[in-house]
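Novice: Quick one: sequence plus predicted model below, questions after.
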Amino acid sequence: MSTQSVSFQECSNQFPKIFERVLKNHEVISVRKESEQEIVILDTKEYSSLIETLYLLSNPINPNRLREGISQHQQGRVREIDVKTYLD
């Protein structure tokens with residue numbers, strides 16, 4: 001995910017275009033007004049995904065489980081399960 005930086009003035013003048021770029025291309029736009037004043041514009045789905053990832057990784061058990069699952073998969077130690085029972 002790359003970030004493009006634009007000035008506050010450019011964002012003001014081009015906001016509809018920037019808005020569409022963020023939604024369609026999943027771009028992250030950094031808007032700077034003055035030195036030390038900067039915000040980021042990103043799609044809500046991207047933001048939610050980042051927050052969920054941070055939450056999951058905040059518990060040290062989760063990254064370890066993920067690494068173990070990846071290792072098992074790479075070694076072919078997999079099994080199929082019926083996920084329908086978990087969806088209700």
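Specialist: Arrived safely, thanks for sending.

Novice: neighbouring contacts of the longest strand along the chain?
Specialist: Ranked by residue count under DSSP state E, the longest strand found in the chain is strand 28-34. When contacts are taken as Cβ atoms under 8 Å, 6 or more residues apart in numbering, the neighbours of strand 28-34 outside the stretch itself are 1-8, 11, 18, 21-22, 38-42, 46. For glycine as for every other residue, the C-beta is placed from the backbone atoms N, C-alpha and C.

Novice: Which positions in it come out as buried?
Specialist: The neighbour-count check on strand 28-34 (16 or more other Cβ atoms under 10 Å) flags 28, 29, 31 as buried.

Novice: which of the residues you listed lies closest to residue 53?
Specialist: For the buried residues of strand 28-34, the residue nearest residue 53 by Cβ to Cβ is residue 28; the value is 14.9 Å.

Novice: for the closest one, which residues make a bridge with it?
Specialist: With DSSP bridges as the criterion, residue 28 is bridged to residue 3.
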